[in-house]
Each structure stands twice: as C-alpha cells, then as structure tokens.
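>>> no sequence on this one, just coordinates:
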C-alpha cells in the first residue's frame, strides 16, 4: 500500500510522539506502507518546518535531517503535471490529490478541505489510516 501524507500530518508527527500522525509515521518506518513524496511536498514541508512557532519546537538541524530521511527512504514521485481527478476548495491542496492519484496512493490529511472529498477519493484522517494499518 502507498500513501501520501499531507504536510500537516508529517509536522504533527514530529511535534508529538503521541497520537495518530506519530503512529502513522512509525508504521512507515516499520515498513507497513510505502510513503510517497514529491518535490512540491518536500518544499512545502521545508517551509512549514521553518515557521517560527514550529522552529521553536523542531530545531533546524532536526528538520533538515527529517527531510533528508524522506528523500532517502520514501518513494520519490515527480510533481504531477495532470490536473487532479477532483478539485479541493483550496487550490493549494490540489497537488496532493494529483500526487496521490498519479502514484496510486491514498492521501492522509487532517485538512478539512481535503477530508470533505473523502466520499469521492481515497482520503483518510491519520486516525482512520492508522486503524487501517493495524487491521491489515
């Protein structure tokens, strides 16, 4: 199984070792699924990890180390050139939908704009995805 983790899930997993995002990230580390990343996703993650309120909790060296681990260990997919099969009410999220579709992956997000599309695309909350992984 493949999954694209929204940046909010990745950052949440780094901020707290408890909770569904951390369980999902640990499941990836343990080989439960293949994590898909793209240049746009990594750049958005880099920007998010540089926000002052995040930087106070995740030092720059740790943020860069995490990004390096993703580059080295996750499945790298090019940024999608095709429009996503469905559109989010937030156009900034459309690349995530397109990336998941292009890489035949589920999308895992805590973003309400994306989760409102779950009846039309394989989009799950971190808790739903963590439960899927433990039930398989």
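Okay, I see it. These numbers were taken from a predicted model, which means no experiment stands behind them.
>>> show me what contacts the closest residue to residue 40 other than its chain neighbours?
Spatial nearest neighbour of residue 40, excluding adjacent residues (CB to CB, 6 or more residues apart in numbering): residue 79 at 4.8 Å. All C-beta spots, glycine's among them, are computed from the backbone N, C-alpha and C. Going by CB atoms under 8 Å, 6 or more residues apart in numbering, residue 79 touches 38-40, 95, 99.
>>> what's the pLDDT at residue 79?
We have a pLDDT of 94 for residue 79.
>>> try residue 136
As predicted, residue 136 sits at a pLDDT of 61.
>>> again, but for residue 104
For residue 104, the pLDDT comes out at 96.
>>> Just give me the neighbour total for it.
11 (other CB atoms under 10 Å).
>>> Checking it next. Helix, strand or coil?
coil (DSSP: H, G, I helix; E, B strand; the rest coil).
>>> which phi and psi does it have?
The phi/psi pair for residue 104 (degrees, to the nearest 10) reads phi 50, psi 50.
>>> What residues does it make contact with?
With contact set as CB under 8 Å, 6+ apart, residue 104 has these partners: residue 2.
>>> which residues in this structure form helices?
Assigned by DSSP state H, the helices in the chain fall at 7-15, 20-29, 39-49, 52-55, 60-73, 94-102, 112-115, 126-135.
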